[in-house]
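Provided below for reference: sequence and predicted model.
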Amino acid sequence: MKKFIIVLLILAAASSAVFADTYYEKGDTLFSVNAGVNLPCFMFFPNSTSDEFVTGFDGTHLSLGGYVSLSYQGFLSKYFALGGQIGYGFNYSKAKYVYATVPITAKVSYIPVQNYNFDLKINANAGISVLRYNDQRYLSPFMSLTVAPTYYFSTSWGIGLEAGVWSWLEYYSKSSTYNKWEDTCIGMFAPVTVCLTYRH
Amino acid sequence: MKKSLIILLTVALLSVLFLSSCNVDASDGLADQVRNSAQASGIRILQLLYVDLSENIYVRSDKGIYEISDGNETAKYISDDIKAAYYNGTYLFFLNQDGELYKRTLTDTSDTRVGTSTYTKLDSNGYLLGSDSHIHKINDSSNAVDDVNTSFDFMDFISVKDHVLGRVTGASSYAFDNSSTALSTTVEFNSFVYDDSNSNIYAASGTSVYKIASSATSLGDASFTLNSSASGFAYLYNDGTNNYIVFKTSNSFDYLSSTDSYATLTILTSNWASSLRSVSLSGLANIGNSLCVSTIGNGVWEVSGIDDSEAEQIFY
């Protein structure tokens, strides 16, 4: 995954020199629908006495999950678009319960490569996420970084692939009755989705 | 533009503060529960009935009675007409949906009605609440039903092996075993353990544990404070050397130890307790010198030591 992102960033940098022309203008808009999978990367428990760092399916006890999202953005300049995104991610735990993630975020995209048929977006999201498991909820800060190359088969419609990572934080303070402080956790997942984009 | 941005940020901040109230619901760390989640079991275990000397485990599921041996389950009596059951190693007693008591061995092909009375409750220790509002018990020698307490009318009871604490109807009081003098109290007990060595009852109510002499008639101050609210499960566990009075709470396993004459309450949230603190229990028992923990949806676990062991899922 890391290599994939690095390759895409290098491609983006190289391509921006080749394709100096821009396609977008201030005031243009993007509407995207994503659907795909998410992979649990790791959970880090900095205050735990055992198993502080668990990785992958075996460590996190989570299955390969799904992820869908909707986003809407407007261009602030030729290269930057700002908007919002709402998503829903889910994975099954070993106990067959759903671990759900509902991020609601502000989304900023940098589009270094852009022309009639192709663009490459580097997306950053920041906001909150409602985490839900076993009938319990937690509101967590949420952020993600993804890369999305998109091929446009018409003036307005394009299809692409979006991949990257997202991260959340479950923070607990020390309690006199129950030391939930040990349950504080930083988690990272990797979404890989197909992206349908409408630009106008 | 500047005014709109300030309004937008204020609304966003207030929304986050409002939504943060969701975190109160997270009684346990969600990610911690996930990483400790266990394999779901093929059968839902509603009652842990009996563990024999060969460490075969007998349970009641929503489909009937099963024997669990070496990680595999064997159906012993499939029926959807079992409301509650008790197994003493020889006979399986069960209440049907009409409250009638039947018995059979696990190899019988038919059931035998026990008496003509009907009952509203049968528990894993063989205690019954009759439709006459009295507490009864299955006699393991005669395989008949004996009266335990007919001095009061009862609305419910909780029990441990050989002892029962019944809630008297219409009064804030509990009667212990066959006592004709009720213990006056305004609290409702979730679970209790009886210590044979000193004849004390350790009864949990909410987050409080009361140490009560079995002959007491009034409730003193709480002797211990649990980590969180007590569940309906408490157990006197023996590890081969020492006794432990174990209380399952909503977030932990808390215990008293005979090593210091039950003077100190220890709260366990790590190791095996971490794996099992968020599961739904259906029973606690000794399996050899280990603690056997059965769960409704996540099979059966074995814990070989009270403090520092990891739980081993021996059936799922």
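Now that the structure is in, tell me what you want to look at. Keep in mind it's a predicted model, so treat the numbers as computed, not measured.

low-scoring stretches of the chain, by residue?
As the question left the chain open, I've gone with chain A. A:1-20, A:50-51, A:175-179 (pLDDT under 70).

Can you look at chain B instead?
Scanning chain B for pLDDT under 70 picks out B:1-28.

Report the central residue of it.
The residue lying closest to the centre of chain B (C-alpha atoms, centre = their mean) is B:Phe233, at 2.7 Å.

Setting aside sequence neighbours, what's the nearest residue to it?
Spatially, and ignoring its direct neighbours in sequence, B:Phe233 is nearest to B:Lys248 (4.2 Å; C-beta to C-beta, 6 or more residues apart in numbering or on different chains). (Each C-beta comes from the backbone N, C-alpha and C, glycine too.)

Sketch out the helices for chain B, chain order is fine.
Using DSSP state H, the helices of chain B run over B:2-19, B:30-35, B:272-276.

ditto for chain A
For chain A, applying DSSP H gives helices covering A:2-18, A:56-60.

quick one: A:Ala148 and B:Phe315, what's the gap?
Separation of A:Ala148 from B:Phe315 (C-beta to C-beta, to the nearest Å): 46 Å.

just to revisit the earlier point, what's around the residue nearest to B:Phe233, how many residues?
For B:Lys248, the neighbour count with other C-beta atoms under 10 Å in any protein chain shown is 25.

OK, contacts around it?
Residues in contact with B:Lys248, defined by C-beta atoms under 8 Å, 6 or more residues apart in numbering or on different chains, are B:191, B:230-231, B:233-234, B:281, B:284.

Over to A:Tyr24?
Contacts of A:Tyr24 were listed using C-beta under 8 Å, 6+ apart, and they are A:75, A:78-79, A:81, A:111, A:114, A:119, A:199.

any idea which of those is closest to chain B?
A:Phe75 (16.8 Å; C-beta to the nearest C-beta).

my guess is the closest one contacts A:Lys26, does it?
Yes. Counting by C-beta atoms under 8 Å, A:Phe75 touches A:Lys26, with 5.4 Å between them.

For chain B, which residue gets nearest to chain A?
Counting by C-beta to the nearest C-beta, chain B gets nearest chain A through B:Gly29, at 2.4 Å.

Hmm, that residue is touching A:Glu170, no?
Yes. Assessed by C-beta under 8 Å, B:Gly29 is found in contact with A:Glu170 at 6.0 Å.

what touches both of these two?
With C-beta under 8 Å, 6+ apart, B:Gly29 and A:Glu170 have common neighbours A:183-185.

These: which ones sit near chain B?
A:183-185 (C-beta under 8 Å from any C-beta of the partner chain).

In strands, which of the residues you listed appear?
In this view, these that belong to strands under DSSP state E are A:Cys185.

most surrounded residue in the ones next to chain B among the shared contacts of B:Gly29 and A:Glu170?
A:Cys185 (27 neighbours).

tally of neighbours for B:Ser191?
If we define neighbours as other C-beta under 10 Å, then B:Ser191 has 23 of them.

What sits closest to it if chain neighbours are left out?
Nearest residue to B:Ser191 in three dimensions, chain neighbours excluded: B:Ala234, at 3.8 Å (C-beta to C-beta, 6+ apart).

List the residues that contact that neighbour.
Contacts of B:Ala234 (C-beta under 8 Å, 6+ apart): B:160, B:190-193, B:202, B:204, B:245-248, B:284.

who's it bridged to?
Beta bridges link B:Ala234 to B:Phe247 when assigned by DSSP bridges.

likewise A:Ser167?
Going by DSSP bridges, A:Ser167 forms beta bridges with A:Met143, A:Met188.

quick one: contacts for the residue of chain B closest to chain A?
By C-beta under 8 Å, 6+ apart, B:Gly29 lies in contact with A:170, A:172, A:180, A:182-185.

which one of those residues sits closest to B:Thr186?
Comparing the contacts of B:Gly29 against B:Thr186 with C-beta to C-beta picks out A:Lys180 as the nearest, at 30.8 Å.

For burial, what's the neighbour tally of the closest one?
A:Lys180 has 21 neighbours, counted by other C-beta under 10 Å.

neighbouring contacts of the longest strand along chain B?
Longest strand in chain B, counting residues (DSSP E): strand B:112-122. For strand B:112-122, contacts defined as C-beta under 8 Å, 6+ apart pick out B:83-86, B:93-95, B:98-104, B:127-132, B:136, B:143-145, B:156-157.

Using PyMOL, define a selection of the buried residues within the residues you listed.
For anyone working in PyMOL, the buried entries among the contacts of strand B:112-122, judged by 16 or more other C-beta atoms under 10 Å in any protein chain shown, can be selected with:
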select buried, chain B and resi 83+84+85+86+93+94+95+99+100+101+102+103+104+127+128+129+130+136+145+156+157
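
For chain A, which residues are neighbours of chain B?
A:43, A:45, A:48-51, A:54, A:59-62, A:93-97, A:99, A:128, A:130-134, A:136-139, A:170, A:172, A:177-180, A:182-185, A:187.

Pull up the residues of the stretch 101-250 of chain B that are close to chain A.
Residues of the stretch 101-250 of chain B found near chain A (C-beta under 8 Å from any C-beta) are B:207, B:227-228.

By neighbour count, which of the residues you listed wins?
For those, neighbours were counted using other C-beta under 10 Å, and B:Asn227 has the most, 23 neighbours in all.

That one contacts B:Ser252, doesn't it?
Yes. In this structure, B:Asn227 is within contact of B:Ser252 by C-beta under 8 Å, at 4.5 Å.

burial measure for the residue lying closest to B:Arg44 once chain neighbours are set aside, as a count.
Leaving aside its sequence neighbours, B:Arg44 sits nearest to B:Asp62 (C-beta to C-beta, 6+ apart; 5.1 Å). When counting by other C-beta under 10 Å, one arrives at 11 neighbours for B:Asp62.

Repeat that for B:Gln313.
Residues lying near B:Gln313 (other C-beta under 10 Å) number 19.

Return the residues in contact with the residue of chain A found nearest chain B.
Closest contact between chain A and chain B, by C-beta to the nearest C-beta, is at A:Asp183 (2.4 Å). A:Asp183 makes contact with A:45, A:47-48, A:170, A:172, B:28-29, B:31-32, according to C-beta under 8 Å, 6+ apart.
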